[in-house]
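just to be clear, the model below is a prediction. Sequence and coordinates:
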Amino acid sequence: MKEFAALQDMSQMPVMERLINALIVTALGMGITFIVLILLLYAIKAMSRLLNPVKAPTDLVKDQPQAKKEPLQVVSQDDEEELVAILIAAIAASSGQSQDQIKIRGYREVGNNIPLWSQAGVLETMNREIY
């Protein structure tokens, strides 16, 4: 760094020296930044451990009974045809189309336990396909 003190202007320095010094300064700046970011990472991890200590799992979780799965209901052919007829009639009534123009390719039951935003998305998709 003694070279910098003696120089009045950077233009007196040869081009290669200026390039090498610029690369040294760039590497030094990037290295310091990287080291500070790593220190910040560990400081944040340490603070999160101090403020929110990890709690040991309790035995209560193991003692809870398993939820029983209900068997799937088997739909007979007559019930399925009746359901398709009801679906066609409902779509025809809401869209104003005749029942001959409507074809049901498939259907599935949508449970009430899904969030409202998901129900809205399903309705938007169905309306987009119908109209």
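That came through fine. Residues are numbered from 1 along each chain as shown.

and the protein, what are its domains?
Per automatic domain parsing, the structural domains of the chain span 2-51, 75-110.

okay, those in CSV with distance to residue 122 and mean neighbour count next?
To be clear about C-beta, it is placed using only N, CA and C from the backbone, and glycine gets the same treatment. Listed next are the domains of the chain as CSV, based on distance: least, CB to CB, whole Å; neighbours: other CB atoms under 10 Å:
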stretch, distance to residue 122, mean neighbour count
domain 2-51, 38, 10
domain 75-110, 6, 10
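
ok, which of the ones you listed comes nearest residue 129?
domain 75-110 (9.9 Å; CB to CB).

circling back to that earlier point, residue 128 is nearest to which of the domains of the chain?
So among those, domain 75-110 is nearest, using CB to CB, at 12.8 Å.

that closest one: how far from the chain's middle?
35 Å (CA atoms, centre = their mean, to the nearest Å).

which stretches in this protein count as strands?
Using DSSP state E, the chain contains no strands.

which residue ranges of it form helices?
2-6, 15-51, 60-63, 77-95, 116-130 (DSSP state H).

now render the ones you listed as JSON lines, adding mean pLDDT and distance to residue 109.
As requested, the helices of the chain are exported to JSON lines (pLDDT from 0 to 100; distance: least, CB to CB, whole Å):
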{"stretch": "helix 2-6", "mean pLDDT": "61", "distance to residue 109": "77"}
{"stretch": "helix 15-51", "mean pLDDT": "95", "distance to residue 109": "43"}
{"stretch": "helix 60-63", "mean pLDDT": "55", "distance to residue 109": "31"}
{"stretch": "helix 77-95", "mean pLDDT": "84", "distance to residue 109": "10"}
{"stretch": "helix 116-130", "mean pLDDT": "83", "distance to residue 109": "12"}
